[in-house]
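J.: sequence first, then the predicted structure, then my questions.
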Amino acid sequence: MTLLEKAAYLKGLAEGMELDRSSGNGKLIGALIDLVSEMAEEIENLQEDVETLNDYAEELDEDLGSVEELLLDCDDDEDDDFDCDGDCACCSEDCELAGEEEDYFEVECPSCGDTICFDSSIDPEELVCPACGEKFECLVSEEDLKALDAE
């Protein structure tokens, strides 16, 4: 039984009892029954709105999933040169590169402060932060790069 049906049932019971709405108790009970009816209608309207919004949110979630797939496919091509331990902005803990035993450099992005990991295949003078998209230079000595390449 819905809330509207229950409210109608209460109203019917009150009418069947021939409730005197001119007495103090009758006024109170009548007002409460009216209030219950109005609340039941409003709750039903809100439930319909919530169902509509849930459907809309599910559609948005599906659309966002499609957009994420497109963006991640593009980002995967760009981020292939980054190696990390899963703690930096370029990867998540589920990253396939996380935990690999390769050497890499870690630098902090001067714009957003996230840690960026890169190996010798990336030009340190042309770094782009995957988190904020800011381009910046990182000074790495030639000795460090040669040592990284040798390992």
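T.: Cool, got the structure. Note that the structure is a prediction, hence the values are computed from the model and not measured. Numbering: from 1, shown residues only.

J.: contacts and neighbour counts: CA atoms only from here.
T.: Will do.

J.: packing partners of the lengthiest helix in the chain?
T.: Ranked by residue count, the top helix of the chain under DSSP state H comes out as helix 24-79. Judged by 3 or more CA pairs under 8 Å, 6 or more residues apart in numbering; DSSP states H and E, helix 24-79 is in contact with helix 3-16.

J.: list the buried residues of the helix it packs on.
T.: Buried positions in helix 3-16, judged by neighbour count with 16 or more other CA atoms under 10 Å: Leu4, Ala7, Ala8, Leu10, Lys11, Ala14.

J.: one step back: tell me the first helix or strand C-terminal of the longest helix of the chain.
T.: strand 105-108 (DSSP states H and E).

J.: same question for that following strand, mean pLDDT?
T.: Per-region confidence: strand 105-108 scores 78 on mean pLDDT.

J.: for it, enumerate the helices and strands it packs against.
T.: strand 115-118.

J.: grab the most central residue of the chain for me.
T.: Asp61 (9.2 Å; CA atoms, centre = their mean).

J.: how big is the angle separating the longest helix of the chain from helix 3-16?
T.: Taking axes from the mean of the first three to the mean of the last three CA atoms, to 10 degrees, one finds helix 24-79 and helix 3-16 inclined to each other by 180 degrees.

J.: what is the mean pLDDT for helix 24-79?
T.: Per-residue scores along helix 24-79 average to 87.

J.: likewise stretch 138-147?
T.: Mean predicted confidence for stretch 138-147 is 62.
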